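Asker: give me coordinates for this.
(3 chains)
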Amino acid sequence: MHLVLEKRPEASTAMAIASPFIAFALTLIAGGIIFWMRGNDPFSALYVYFVEPLTQWWSVEQLIVKAAPLILIATGLAVAYRANVWNIGAEGQLYAGGIMAGLVPVMFPQWQSPVVLVLMLVLGTLGGMAWGSIPATLRNRFRANEILTSLMLVYVIQLVLDYLVRGPWRDPQGFNFPKSITFTGWQTIPYVTTSVHGGVLFALVAALALWFLMSRTLKGFEISVAGQAPRAARFAGFSEQKTVMFCFLLSGGLAGLAGATEVAGVITQLQPQISPGYGFTAIIVAFLGRLNPIGVIFAGLLLALSYLGGEAAQMSLGISDKIARVFQGILLFFILVCDTFILYRIKFLKSKGATA
Amino acid sequence: MTEALGFLFANFFSLNTQLIVLAALTPFLLAALGELVTERSGVLNLGVEGMMIMGAVAGFGGAFLTQNPWVGIITSILAGMAMALLFAFLSITLVTNQVASGLALTLLGLGLSGLIGESFVGQPGVKLPAIAGIDPLMVAAPILTLIVAFVLFRTRWGLVIRAVGNNHNAAHALGYGVSKVRYLCVLFGGACSGLAGGYLALVYTPQWVENMTAGKGWIALALVVFASWRPIRMAAGAYLFGAISILAFQIQTYGWGIPPQFLNSLPYLVTILALVLISGSRALATRNTPAMLGQPFVPDR
Amino acid sequence: MKKFLMTVGAVAVAFGAAASTADAAMDKVKACWVYVGPIGDFGWSYQHNQGLLAVKAALGDKVETAFVESVAEADSEKTFERFARDGCNIVFGTSFGYMEPMLKVAAKFPDVKFEHATGYKTADNLGTYNAKFHEGRYVIGQIAAKMSKAGKAGYIVSFPIPEVVSGINAFMLGAQTVNPDFKIEVIWANTWFDPAKEADAAKVLLGKGVDIMVQHTDSTAPLQESEKAGAQGFGQASDMIKFAPKAQLTAIVDDWSPHYIKSVTAVLEGSWKSGQYWGGMNDGEVVMAPFTNMPEDVAKMAMETTAAIKAGTLNPFGGKITKQDGTMVENLGDGDILGMNWYVKGVDDKLPQ
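Answerer: Okay, the predicted model is just below:
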């Protein structure tokens, strides 16, 4: 007796809509079982994880602040992945953006003007684009696989930042600790509410803009075709090299912008670590959102919720933080499995020899 | 200055240092070999880090609970295979997106290993003894490299694997069990990654700490790509990476004032440079990339 | 009568004023900790958690504790805010990088007390605390110089922050009292914790002929490598004798429990005040693990030095010190040590400027 997949004549819209919910429900059940096995009350644990962070306004603000960089980066990645341009180095592009953004206040500490903030954000975006253009160039000119190059460059740029904040860009009043001067005034992003800085708006704008790009423009069409049928794309005259560069510039630029908003909006200085792995988590968000910019918004919020919930569970229930990661892995697994049912039906066959 | 450089080269190429490099590259080589076979069959498994860390915790646990390091070796291999089985079921039978499935596997592995390993923290591990002064796994890695190279390019099995990886529809039409071949290759990859993790926890630094693989799985993935899916070249890449890492430390001890961050970034920079130089050859790259890499296979009836 | 009433009134007002500036004593206190790494690291975060457990043991029913592990510095503000909102009376942040986030949250929650480890910015409700690890470094420097036949030690370090630099200097000063020509070979591993990398660094150093291993990174790997090679070394943050029974001479153990018990009790009694606390051997924050694997006379010397530091008669950074560039300094104060960015004479390494 074995399991066989049968392709549905048409993608099932019912499953397409239901799949994320079913996956989430399955994750909750699996999570509940894990909690129960470790001796926690599953219902209170799940409540603390997924509901409690939403019950207070300030917590919702934190959710938005945490989800914003994830969404910003993941929308760019979603577009790139559609074209089979595997940018794994978004974390590095984020760092490059943060460094370029921090350049302005570090070089001109006394300069205060709205221009400063705009310059920081623009430089941040350019920094991410520049760093992202390296793997693109290496792929276009030398056929060097971009998974490797973009990943290696992450380690390199992190070491560059480390060097800068320990050496030339170190705060002279900082007791020789590795941090730059603290940014003030126009060197930081103003708050929209008590905890939410203006940078989160970029995430929303980016998601909407990219959704528009992918669904309504020729460029979006080029990208989709490049990913699904590369030979057809070539026959249609879509340049693979241009597509690769475009995808890296786009995803790199957005990651760089995310780095700039983190540095200017949240951390307000440069230090050796400016991101808790947003660039890598965004890869997961992109897939959770089914490589669709609008889906990415929800995926980002959901993932951010699981982080906040994990922390709340640690605080109030003493549940280990590793469970949060297990949760995320399980969630992703279930979503992937449920998505299979959109295109395929499962059949159980009695004997193996029935089909060729 | 030249005298100092002379010292550096003499020290680096000494037997002692070369043994250090060999030990350092062993986990990379083991994991990368397994992934190479997996990818040759057309499956991209990004979950190497997850399989490796599970191998580490299982290896440590097995050895610690039985006080027998060889049991640890076996449990590390089994753990890697178990994770690989999960991945295979999802990506081969249920044809889920391979990149996402691999990432999910890594997440799961990191979290699960932390949970399992909680009671192992602070316990000294049981070390795998050297046989006649030689670390057995360190010798096993190069031998395995030769075996994989031989099997892939000189045996019928290897031909079948490569056929499945290059054109699964044709292979299916010829009657080869594409799914079966892929399952076996993915499991082999899991066994190797698990063994690599076990090596870390049983030989390299006999202990268990969370996240002790510290990204080695990702480097192993990069090495497979670097090697254009050829085992001998991959061993060279692993050597290059390990050697530069150790060289960077040695240069530090001479106190020349080179920023340590620059030295620590050398392995990555050199790997990129080497990749660029190698990949320039168009023929080599296209001939060796498994054409079906990452693409799901569902037989049409 | 009027005078009496006025006196009573004045006294009442005085009492009331005093009560409003001091905090009220409490029956129960909630103490919360934020760790930068996993408590399973058997190093920095592990030791802080041991402190938490000591508080629980000491105060029993009167304290409720909570902690969060592996909180990235870039991500920490919301963690502190959540703890503050969750009813914590005192929150401990155990990493330098938490400084700015703690400042921001402390400003928002003036009724919650905060303490920041290894930092230097304070507020009315934010204090700092640190330990004089360099005192332990001085002791092991002496031991190293006595025990080393090669006359040089390997020194594996993470990042050039003042705490690490002052550690190196104290080590050298201690070593130089026994052997003025003692040398160290330094490797910057660029990580606080990565067992495999630390093992590699140790192997490289052992290959260069050092027979004593010193580390300012957190894993047990360097000691394990030393034991394999027949060399000896010192544990860091925790007593690592289990991992290297023949190689460990002693370890510098971070014992945060005296300070944590003091602070939490102060909150309980309503007497907590913000300050910059820097404890050392004299109040039990820096503890040397038992001296093992060394001859009697070396152990005796080490114990005498430790006792002298504890009693305050020996100050590792007291007196005149010659810097690497040849200039002389003396009477170093706490501030000089906390911000130390230069080497003493005899160290063959360059610091980034």
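Asker: list phi and psi for the residue in the stretch 151-300 of chain C that chain A sits nearest to.
Answerer: For the stretch 151-300 of chain C and chain A, the shortest gap (Cβ to the nearest Cβ) falls at residue C:162, measuring 5.2 Å. For every residue, glycine as well, the C-beta is placed using N, CA and C. With angles defined as degrees, to the nearest 10, residue C:162 sits at phi -50, psi -40.
Asker: before we move on, what about the one 5 residues further on?
Answerer: Summarising the backbone geometry of residue C:167 under the convention degrees, to the nearest 10, its torsions are phi -60, psi -50.
Asker: phi, psi of residue C:91?
Answerer: Main-chain dihedrals, residue C:91, degrees, to the nearest 10: phi -120, psi 130.
Asker: that one reaches residue C:111, doesn't it?
Answerer: No: contact criterion Cβ atoms under 8 Å: residue C:91 and residue C:111 do not qualify, at 11.8 Å.
Asker: out of those two, which sits in the more crowded spot?
Answerer: residue C:91 (29 against 8; other Cβ atoms under 10 Å in any protein chain shown).
Asker: pLDDT wise, what is that one at?
Answerer: On pLDDT, residue C:91 comes in at 95.
Asker: ok, the one 10 residues further on next?
Answerer: According to the prediction, residue C:101 has pLDDT 91.
Asker: list the contacts for the closest residue to it other than its chain neighbours?
Answerer: The spatially closest residue to residue C:101, leaving aside those adjacent along the chain, is residue C:77, at 3.8 Å (Cβ to Cβ, 6 or more residues apart in numbering or on different chains). Neighbouring residues of residue C:77 by Cβ atoms under 8 Å, 6 or more residues apart in numbering or on different chains: A:266, C:101, C:104, C:105.
Asker: need those residues in JSON lines with neighbour count, can you?
Answerer: Listed next are those as JSON lines, based on neighbours: other Cβ atoms under 10 Å in any protein chain shown:
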{"residue": "A:266", "neighbour count": "24"}
{"residue": "C:101", "neighbour count": "25"}
{"residue": "C:104", "neighbour count": "14"}
{"residue": "C:105", "neighbour count": "25"}
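Asker: now, those residues that are in helices?
Answerer: C:101, C:104, C:105 (DSSP state H).
Asker: which phi and psi does the spatially closest residue to residue C:324 that is not a sequence neighbour have?
Answerer: Nearest non-adjacent residue to residue C:324, counting by Cβ to Cβ, 6+ apart: residue C:343, 4.1 Å away. According to degrees, to the nearest 10, the main-chain angles of residue C:343 amount to phi -100, psi 160.
Asker: mind telling me what element residue C:32 is part of?
Answerer: In this structure, residue C:32 is located in strand C:29-34 according to DSSP states H and E.
Asker: that strand - contacts with which helices or strands?
Answerer: helix C:44-59, strand C:63-68, helix C:77-85, strand C:90-93, helix C:257-269 (3 or more Cβ pairs under 8 Å, 6 or more residues apart in numbering or on different chains; DSSP states H and E).
Asker: if we use 6 Å, what do you get?
Answerer: strand C:63-68, strand C:90-93, helix C:257-269 (3 or more Cβ pairs under 6 Å, 6 or more residues apart in numbering or on different chains; DSSP states H and E).
Asker: quick one: the ones you listed as TSV, columns for distance to chain B too.
Answerer: Listed next are those as TSV, based on distance: least, Cβ to the nearest Cβ, whole Å:
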stretch	distance to chain B
strand C:63-68	14
strand C:90-93	21
helix C:257-269	17
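Asker: which of these is buried the deepest?
Answerer: strand C:90-93 (a mean of 28; mean count of other Cβ atoms under 10 Å in any protein chain shown).
Asker: that strand near chain A anywhere?
Answerer: No: contact of strand C:90-93 with chain A is not found when judged by Cβ under 6 Å from any Cβ of the partner chain; the minimum separation is 10.9 Å.
Asker: in its sheet, which strands sit next to that strand, and in what direction?
Answerer: strand C:29-34 (parallel), strand C:113-117 (parallel) (DSSP bridges).
Asker: out of those, deepest packed?
Answerer: Mean neighbour counts were compared across these using mean count of other Cβ under 10 Å; the top stretch is strand C:113-117, at a mean of 27.
Asker: orientation of it relative to helix C:44-59 in degrees?
Answerer: 140 degrees (axes from the mean of the first three to the mean of the last three Cα atoms, to 10 degrees).
Asker: after strand C:113-117, next one along is what?
Answerer: On the C-terminal side of strand C:113-117, the closest following helix or strand by DSSP H and E is strand C:126-131.
Asker: for that next one, packing partners?
Answerer: strand C:113-117, strand C:276-279.
Asker: hang on, residue C:273 is in a helix, isn't it?
Answerer: No: using DSSP: H, G, I helix; E, B strand; the rest coil, the secondary structure at residue C:273 is coil, not a helix.
Asker: how many neighbouring residues does residue C:236 have?
Answerer: 26.
Asker: isn't it right up against residue C:215?
Answerer: Yes: look at residue C:236 against residue C:215 with Cβ atoms under 6 Å: they come within range, at 5.1 Å.
Asker: contacting residues around residue 275?
Answerer: This is for chain A. Going by Cβ atoms under 6 Å, 6 or more residues apart in numbering or on different chains, residue A:275 touches A:94, C:74.
Asker: wrong one, chain C
Answerer: residue C:127.
Asker: roughly how far apart are it and residue C:339?
Answerer: 18 Å (Cβ to Cβ, to the nearest Å).
Asker: so which strand or helix has residue 303?
Answerer: Answering for chain A, as no chain was given. Applying DSSP H and E, one finds residue A:303 within helix A:293-317.
Asker: the chain in question should be chain C.
Answerer: Short version, using DSSP H and E: residue C:303 is in helix C:296-311.
Asker: buried set for that helix?
Answerer: C:298, C:299, C:301, C:302, C:305, C:306, C:309, C:310 (16 or more other Cβ atoms under 10 Å in any protein chain shown).
Asker: with the residues you listed in mind, which one is nearest to chain A?
Answerer: Once Cβ to the nearest Cβ is applied, the member of the buried residues of helix C:296-311 that ends up nearest chain A is residue C:309, at 23.7 Å.
Asker: pretty sure the closest one contacts residue C:135?
Answerer: Yes: counting by Cβ under 6 Å, residue C:309 touches residue C:135, with 5.0 Å between them.
Asker: packing partners for the helix or strand harbouring residue A:244?
Answerer: Take DSSP H and E as the rule and residue A:244 turns out to sit in helix A:240-261. Counting contacts by 3+ Cβ pairs under 6 Å, 6+ apart, helix A:240-261 packs against helix A:57-82, helix A:90-107, helix A:114-142.
Asker: rerun at 8 Å
Answerer: helix A:57-82, helix A:90-107, helix A:114-142, helix A:200-216, helix A:218-228, helix A:230-235, helix A:278-288.
Asker: the fifth one packs against which elements?
Answerer: Applying 3+ Cβ pairs under 8 Å, 6+ apart, one finds that helix A:218-228 makes contact with helix A:57-82, helix A:200-216, helix A:230-235, helix A:240-261.
Asker: how about those helices in CSV, adding mean pLDDT?
Answerer: As requested, the helices and strands packed on helix A:218-228 are exported to CSV (pLDDT from 0 to 100):
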stretch, mean pLDDT
helix A:57-82, 92
helix A:200-216, 90
helix A:230-235, 81
helix A:240-261, 94
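Asker: just send those helices back as TSV, with mean neighbour count and distance to residue B:32 too.
Answerer: Formatted as TSV, the helices and strands packed on helix A:218-228 follow (neighbours: other Cβ atoms under 10 Å in any protein chain shown; distance: least, Cβ to Cβ, whole Å):
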stretch	mean neighbour count	distance to residue B:32
helix A:57-82	26	24
helix A:200-216	18	35
helix A:230-235	13	27
helix A:240-261	27	26
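Asker: center of chain A - which residue?
Answerer: residue A:282 (1.7 Å; Cα atoms, centre = their mean).
Asker: check contacts around that residue.
Answerer: A:69, A:70, A:73, A:74, A:77, A:90, A:255.
Asker: what's the answer for residue B:121, then?
Answerer: B:208, B:209, B:210, C:39, C:40, C:41, C:42, C:46.
Asker: return the member of the residues you listed nearest to chain A.
Answerer: Looking across the contacts of residue B:121 and measuring by Cβ to the nearest Cβ, the closest to chain A is residue B:210, at 7.7 Å.
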